[in-house]
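Asks: predicted coordinates and the sequence they were generated for:
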Amino acid sequence: MTDRKDYFVTVIIPLYNEEESLVELYARLSDVLTGSVRRHELIFVDDGSTDGSLGTLRELRTRDRRVKIISFKRNFGKSAALQEAFRATRGDIVITLDADLQDDPKEIPGMIEKLDEGADLVSGWKMNRKDPITKTIPSKFFNFVTSIASGIKIHDFHCGRKAYRGEVVKRISVYGELHRFIPVLAAWEGFRVTEKPVKHYERQFGESKFGVSRFFNGLFDLMTVMFITRRATSPLHFFGRVALVFLAIGGGISLYFLIIWLMGEGLRVRPLMVGGLIMVVIAIQIGSFGLLAELFSSGRERTFSLREYELDD
């Protein structure tokens, strides 16, 4: 087991308009890291802030060259900020946390200990969350659904406080708003995922940057993640099941009208008959999509195998 002081630790802090909290956050991080690890760096990702956040970060960098800055020209979102920082990180251990001071840097050594116990990714669990009920209730529902759908038994997928082994952040790719599902993406890659209860504090400055719409977007993102993780190696399994549902319903309706026609009852165009035929056509189209996706997936798998072969060689 590597001594914790021998780790090179990278702390990634994505931020958007958090000028008032940055100096205090830097001071807290420096105190914790200086006493627990020999080498570290702080990567602040300014996601298109319109306040003085970038200026404050530049002042911090003049005082400490371990402060690194990535600055976007406009707001691209947390996933883009994390992905860009993941590319730049050099750490054996990577820590992510938010810049709003609701995350306590003193939790970092404990999360590194969880990695030492054998985990590849440790996700924070805000057991006593200091947020309004308009955020906590939807979040509990989101976490419950994600846990059931993904099969990963953790309580807080969206917690910004996470600890990773360096190889994890180099293997996963986040875009759109998939940062909420990083534990799912990591587990799909074969990494060991666990969680650790962490303290959560009330926001001291500014206001939350996330609105209610993120929970609706999260449902679509969950569907995306479940497809690319559980069905990526066999898309026909996914599309085929959906096609069978439409085919069963549409075929049943069409069979009903066929039977009554054979029994001598005259047919006339009815909405239910048209609906049944439409469902059959949709089933054929979805099945065709599945076949095309299967062909694409098989080609991609050969590419993945070739990459692994070249790396092993």
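Replies: Right, received. Where do you want to start?
Asks: assign residue 21 to helix, strand or coil.
Replies: For residue 21, the assignment made with DSSP: H, G, I helix; E, B strand; the rest coil gives helix.
Asks: run a quick neighbour tally on residue 274.
Replies: Other residues within reach of residue 274, judged by other C-beta atoms under 10 Å, total 11. C-betas here are computed from N, CA, C, even on glycine.
Asks: can you tell me how far it sits from residue 198?
Replies: Between residue 274 and residue 198 the computed distance is 56 Å (C-beta to C-beta, to the nearest Å).
Asks: and if you look at residue 84?
Replies: For residue 84 relative to residue 198 (C-beta to C-beta), the value is 25 Å.
Asks: more neighbours, these two?
Replies: Shown here are residue 84 and residue 198; by other C-beta under 10 Å, residue 198 has more neighbours (22 against 18).
Asks: which element is the residue of the chain most remote from its centre on?
Replies: Farthest-out residue of the chain from its mean C-alpha position, per C-alpha atoms, centre = their mean: residue 264, at 58.3 Å. Using DSSP states H and E, residue 264 sits in no helix or strand.
Asks: ok, now which ones touch it?
Replies: For residue 264, no contacting residues are found, by C-beta atoms under 8 Å, 6 or more residues apart in numbering.
Asks: do residue 196 as well
Replies: 107, 110, 111, 114, 122, 123, 124, 125.
Asks: the helix or strand bottoming out on mean pLDDT in the chain: what's the following helix or strand?
Replies: Counting by mean pLDDT, DSSP states H and E, the chain has its least confident helix or strand at helix 213-230, which shows a mean of 61. Using DSSP H and E, the next helix or strand after helix 213-230 towards the C-terminus is helix 235-262.
Asks: what ranges does this protein have for its helices?
Replies: Remark: helices assigned in the chain by DSSP state H are 19-36, 53-63, 78-88, 108-116, 133-150, 166-171, 182-188, 213-230, 235-262, 271-312.
Asks: report the buried residues of the third one.
Replies: Taking 16 or more other C-beta atoms under 10 Å as the neighbour-count basis, helix 78-88 is seen to contain the buried residues 78, 79, 80, 81, 82, 83, 84, 85, 86.
Asks: low pLDDT regions in the stretch 101-250 of the chain?
Replies: Scanning the stretch 101-250 of the chain for pLDDT under 70 picks out 129-136, 201-235, 238.
Asks: does residue 143 touch residue 157 like I think?
Replies: Yes - in this structure residue 143 lies within contact range of residue 157 using C-beta atoms under 8 Å: 5.6 Å.
Asks: neighbour-wise, which of these two wins?
Replies: For residue 143 versus residue 157, neighbours defined as other C-beta under 10 Å are more numerous around residue 157 (24 against 18).
Asks: who are the neighbours in contact with that one?
Replies: Counting by C-beta under 8 Å, 6+ apart, residue 157 has contacts 123, 142, 143, 146, 147, 180, 181, 182, 183, 184.
Asks: just checking, the first one touches residue 154?
Replies: Yes - counting by C-beta under 8 Å, residue 123 touches residue 154, with 5.6 Å between them.
Asks: need the residues touching each of those two.
Replies: The contact sets of residue 123 and residue 154 overlap at 183, 193, 194, 195 (C-beta under 8 Å, 6+ apart).
Asks: do you know how far the second one is from residue 121?
Replies: For residue 193, the distance to residue 121 equals 5 Å [C-beta to C-beta].
Asks: cool, the first one as well?
Replies: According to C-beta to C-beta, residue 183 and residue 121 sit 6 Å apart.
Asks: swap in residue 12?
Replies: Using C-beta to C-beta, one gets 14 Å for the distance from residue 12 to residue 121.
Asks: what do you get for residue 27?
Replies: In terms of C-beta to C-beta, residue 27 sits 27 Å off from residue 121.
Asks: which residue of the two possesses the greater neighbour count?
Replies: For residue 27 versus residue 121, the count of surrounding residues by other C-beta under 10 Å is larger for residue 121: 26 against 12.
Asks: that older thread, quick check, nearest of the contacts of residue 196 to residue 256?
Replies: Of all the contacts of residue 196, residue 123 has the smallest distance to residue 256: 50.7 Å, by C-beta to C-beta.
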